[in-house]
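Peer 1: Okay, here's the prediction I keep looking at, along with the sequence it came from:
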Amino acid sequence: MKTILLAFLILLQFSVLSQGKDITLKSENIKIKGTILCPENSEKIPLAIIISGSGPTDRDGNNPAMKNNSLKMLAESLYNNGIATVRYDKRGIGESSITNFNEKDLRFENYITDAKNWVELLKNDTRFSKIIIIGHSEGSLIGMIASQNKAVDKFISVAGISSNAGDLIIEQLKSQPEYVQELCTPIIDKLKNGDTVENVPPMLYSLFRPSVQPYMISWFRYDPKVEIKKLSIPILITQGSTDIQVKTEEAEKLKEANENSEIKIIEGMNHILKESVIDRQKNMQTYTNPNLKIKEELVSIIVEFIMEK
């Protein structure tokens with residue numbers, strides 16, 4: 001009987017941990033849904049707000065094309081180390097909703113506003129001793145701008161870029177056939193200059209469709225090196241050595257841009273925070289493996305940084 005009861009309690013604890021509690025950020029016609037994991041504690045504990053990367057990415061680090069649960073695993077690992085977390089679906093993604101949403105109206109600044117609003121919502125919560133923002137990939141730039149809020153105590157960049165996003169896309173295109181580069185580069189150059197492109201080749205339509213161009217223009221305006229330089233709070237920059245999307249040089253350049261930062265390169269970690277080799281095919285296989293755990297070294301580094309006085 002005791003064994004059955006113990007098994008039930010363990011199962012119950014796992015269920016609560018996996019699901020957390022729902023939390024909603026409301027703003028005008030927008031409802032942004034998130035999950036809060038908060039350890040029971042008589043003393044105040046730190047809170048990390050986790051911001052996901054580019055594309056239709058939800059609070060767990062997943063999108064319609066891949067499920068890896070990377071951000072869910074990160075949140076649960078921090079919970080197990082006494083750190084509360086909030087992670088959320090981007091506006092219009094997952095359970096988040098926008099009344100009369102139209103993609104052509106979306107701007108990079110909207111994501112910045114959402115991150116800032118989460119800080120405003122949570123900064124007066126008496127359970128928390130400090131607020132840390134963790135931004136993954138595109139979320140790194142969003143996070144470093146939101147961290148300019150005085151209520152944020154620390155900032156963590158995970159697989160963030162130092163380059164203008166347009167420049168980085170052009171760099172990434174070098175691995176594509178030359179004709180693809182020749183088609184894409186002029187379009188990106190126009191978007192960087194703030195101009196939309198009317199005649200997009202059919203093969204590139206999904207990437208540069210007219211409705212997404214205003215968002216790309218707004219995104220390309222920002223230079224991560226300029227934004228991170230504005231921060232006077234402690235900064236942790238983490239990067240995986242087998243990340244096939246973002247090179248370690250990006251992390252090193254972010255480090256150079258702000259003397260308050262420290263950098264940790266994690267051997268064998270890829271873009272979705274999991275163990276992988278550099279081989280592209282094998283690396284990409286991890287993107288659709290929700291059972292493969294994230295790198296423990298990343299968790300240890302983040303926990304140590306958050307807990308430092």
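Peer 2: Ah, there it is.

Peer 1: can you map out the helices along the stretch 1-150 of the chain?
Peer 2: 2-19, 70-80, 108-122, 138-146 (DSSP state H, counting those that start in this stretch).

Peer 1: Any idea what residue 262 is bridged to?
Peer 2: Per DSSP bridges, the residues bridged to residue 262 are residue 236.

Peer 1: so how many other residues sit close to it?
Peer 2: By other Cβ atoms under 10 Å, 12 other residues sit near residue 262. C-betas here are computed from N, CA, C, even on glycine.

Peer 1: Check the one 5 residues further on too.
Peer 2: Neighbouring residues of residue 267 were enumerated by other Cβ under 10 Å; the total is 10.

Peer 1: Identify the residues contacting it.
Peer 2: Contact partners of residue 267, counting by Cβ atoms under 8 Å, 6 or more residues apart in numbering, are 241, 297.

Peer 1: I'd like to know how far it sits from residue 256.
Peer 2: Distance, residue 267 to residue 256, by Cβ to Cβ, to the nearest Å: 21 Å.

Peer 1: Likewise for residue 240?
Peer 2: 19 Å.

Peer 1: So between the two, which is more surrounded?
Peer 2: Between residue 240 and residue 256, counting by other Cβ under 10 Å, residue 240 is the more crowded of the two (27 against 14).

Peer 1: thought the more buried one was touching residue 268?
Peer 2: Yes. The pair residue 240 / residue 268 is scored as a contact, 7.3 Å apart, by Cβ atoms under 8 Å.

Peer 1: Overlap in contacts, the two.
Peer 2: residue 295.

Peer 1: ok, which stretches of the stretch 51-200 of the chain are strands?
Peer 2: Taking DSSP state E, counting those that start in this stretch, the strands of the stretch 51-200 of the chain run over residues 84-88, 97-98, 128-136, 154-158.

Peer 1: In JSON lines: those, plus distance to residue 189 and mean neighbour count.
Peer 2: Output for the strands of the stretch 51-200 of the chain, formatted as JSON lines (distance: least, Cβ to Cβ, whole Å; neighbours: other Cβ atoms under 10 Å):
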{"stretch": "strand 84-88", "distance to residue 189": "34", "mean neighbour count": "26"}
{"stretch": "strand 97-98", "distance to residue 189": "31", "mean neighbour count": "16"}
{"stretch": "strand 128-136", "distance to residue 189": "27", "mean neighbour count": "23"}
{"stretch": "strand 154-158", "distance to residue 189": "27", "mean neighbour count": "27"}
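
Peer 1: where among these is the average confidence lowest?
Peer 2: Per-segment mean pLDDT for these reaches its minimum on strand 97-98, at a mean of 86.

Peer 1: Right, I'll leave it there.
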